[in-house]
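Asks: How does the following fold in three dimensions:
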Amino acid sequence: MAEAGSKQSKARLTAPLKALFERFAPSLRVLVPLALGTLLFLLGVFLAWQAMLVWRTQHGIEEAESARATIIAALASQIELSQRAAQAALDDAGVQQALREDGASAREAAAVALKQMLPGATDATFFSPDLDEVLSGDIKLIGYAKAAALMQAKVHPEHPPAEMRIEPGAGQQLMLALPARVDGKVVAFAVIELPFAPFLQTFYRTWINDAHLDLRQGDGRGDQLIASAGTSSGNSVGDLGEPIPGSRLRIGKAEPDYFIVTPRSLGLVALMSLICLLGGVVALWLRKVGSARALATLRRPSKKDGPEVTLAEAIKQKPEARAPALANAAAAVAPPKKRASEEVVSVDPSIFRMYDIRGVVGQNLTIGVARAIGRA
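Replies: Numbers count the residues shown, from 1 in each chain. Predicted structure coming up:
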């Protein structure tokens, strides 16, 4: 008794759910494939967009490496030419003659002669060989960058590096601190400043797509940013950069800052996108034709077409061989039997309910009734 009561209570609880399911089942059969197909199609489009961003990132990294090598070679050559021109001006006879004399006036005369040899120089200053002006003078008046460059030239007189300096009123300048020698002896140190604009033009000349390059000054940590080039966002703080020979300049590379949430494997993301798109198409096709018809289409056997026999060939055959062909021909021309659908069908009105059609199969639900309802 207890078990029967529990079954009845469960039946009462599940009855509304069954009724609700039966009510919305036809709509769910249509909406679920539609929602699934739409979701898969949208996911496939999103993954295709992600695959494009992954490809652009990989392409941008390769292009940035190539562009950086090209820019470094061009700037290194340009800086070397400037250093050679400055050294040639220091070796000029007029400058050498002025430097043979000692004193501040002689160094001023050498600066005037040097500017005549380098018309493009914006400034030229000579300091004593011991750099007393720097060691015991006012460094603020001289400039911290200029003082550091002079000390670097004194420590490494064979290869003093060039660097960029921002001069008040003149903007960015390429500063060269070089030792001045007379008869092989260092008699002074010269600071020569050249316009930095031609070097920036060289930096911007190389086109960079899907990448980002920074022209910096320093040793790779806490560098001073001078200029940036590229079509993508991002910064090169995490990149030490590649130094430009003969200078304190370097080129930093920044990867494209694209919104990528998938693995950065182009083949994997492209395959996932293709699978989702195909899944969406299949789901929409199932929604259109229905699962039963789709399974029937997939399971449909291929027709094996045999050779057709013409009437002339059938007449030429022997009687025993001609009999099947004549039987087939007779069956083909025989009047068709009357279909069950053409017969008069009696439909029981009680099978029609509010939301569906219910009846007993074989009694008031037959093939003829179903065909008549379908044609109504």
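
Asks: and residue 71, what does it touch?
Replies: Residue 71 sits next to 202-203, 206, 213, 251 when contact means C-beta atoms under 8 Å, 6 or more residues apart in numbering. Heads up, the C-betas are built off the backbone N, CA and C, glycines and all.

Asks: Just the buried residues of the helix or strand that residue 154 is a member of, please?
Replies: Under the criterion of DSSP states H and E, residue 154 resides in helix 144-155. Using 16 or more other C-beta atoms under 10 Å as the test for burial, helix 144-155 gives 145-150, 152-154.

Asks: Now distance to residue 73 and pLDDT too, for those residues, in CSV please.
Replies: What follows is those, written out as CSV (distance: C-beta to C-beta, whole Å; pLDDT from 0 to 100):
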residue, distance to residue 73, pLDDT
145, 26, 87
146, 28, 89
147, 31, 90
148, 27, 90
149, 24, 91
150, 29, 92
152, 24, 89
153, 25, 91
154, 30, 90
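
Asks: so which of the contacts of residue 71 comes closest to residue 236?
Replies: Set against residue 236, the nearest of these by C-beta to C-beta is residue 213 (7.4 Å).

Asks: ok, and what's touching stretch 215-227?
Replies: With C-beta under 8 Å, 6+ apart as the test, stretch 215-227 has contacts from 163-164, 172, 200, 203-204, 214, 228-229, 236, 240-241, 248-252.

Asks: which of those are buried?
Replies: Among these, those classed as buried by neighbour count (16+ other C-beta under 10 Å) are 163-164, 172, 200, 203, 214, 228-229, 236, 241, 248-252.

Asks: Among the residues you listed, which lie within helices?
Replies: 200, 203 (DSSP state H).

Asks: average pLDDT for the host helix or strand of residue 78?
Replies: If you go by DSSP H and E, residue 78 is part of helix 2-90. Throughout helix 2-90, pLDDT has a mean value of 82.

Asks: Stretch 157-172 spans what distance, first to last residue?
Replies: End-to-end span of stretch 157-172 (C-alpha to C-alpha, to the nearest Å): 24 Å.

Asks: Can you list the neighbours in contact with that stretch?
Replies: The contact list for stretch 157-172 (C-beta under 8 Å, 6+ apart) reads 79, 82-83, 122-123, 143, 145-146, 149, 152-153, 173-179, 186, 193, 196-197, 200, 217, 224, 226, 246-249.

Asks: Check which helices and strands the helix holding residue 154 sits against.
Replies: Secondary-structure packing of helix 144-155 (3 or more C-beta pairs under 8 Å, 6 or more residues apart in numbering; DSSP states H and E): helix 132-135, strand 163-167, strand 171-182, strand 185-195.

Asks: Give me the angle between that helix and strand 171-182.
Replies: 30 degrees (axes from the mean of the first three to the mean of the last three C-alpha atoms, to 10 degrees).

Asks: Centroid-nearest residue for this structure?
Replies: With distances taken as C-alpha atoms, centre = their mean, the residue of the chain nearest its centroid is residue 53 (2.2 Å).

Asks: give me every residue that touches the closest residue to that residue other than its chain neighbours.
Replies: The shortest distance from residue 53 to any non-neighbouring residue, by C-beta to C-beta, 6 or more residues apart in numbering, is to residue 258 (4.5 Å). When contacts are counted by C-beta under 8 Å, 6+ apart, residue 258 touches 53, 56-57, 232.

Asks: Return the members of those residues classed as buried.
Replies: With burial judged by 16+ other C-beta under 10 Å, the buried subset of these is 53, 56-57, 232.

Asks: how about a markdown table for the residues you listed, with distance to residue 70 added?
Replies: What follows is the buried ones among the contacts of residue 258, written out as a markdown table (distance: C-beta to C-beta, whole Å):
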| residue | distance to residue 70 |
| --- | --- |
| 53 | 25 |
| 56 | 20 |
| 57 | 20 |
| 232 | 18 |
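
Asks: between those residues, which is nearest residue 364?
Replies: Using C-beta to C-beta, residue 53 is the member of these that sits closest to residue 364, with 62.6 Å.

Asks: Point out where the chain drops to low pLDDT.
Replies: For the chain, the stretches flagged by pLDDT under 70 are 1-13, 15-30, 290-343.

Asks: same thing but 50
Replies: Applying pLDDT under 50 to the chain picks out residues 322, 326, 329, 333, 340-341.

Asks: Find the nearest non-adjacent residue to residue 143, please.
Replies: In this structure, residue 143 finds its nearest non-sequential neighbour in residue 165, 7.5 Å apart by C-beta to C-beta, 6+ apart.

Asks: And residue 345, by the same measure?
Replies: Nearest residue to residue 345, sequence neighbours excluded (C-beta to C-beta, 6+ apart): residue 368, at 4.1 Å.

Asks: Please identify which helix or strand holds the one you found.
Replies: Applying DSSP H and E as the criterion places residue 368 in helix 367-375.

Asks: Many thanks, we can stop here.
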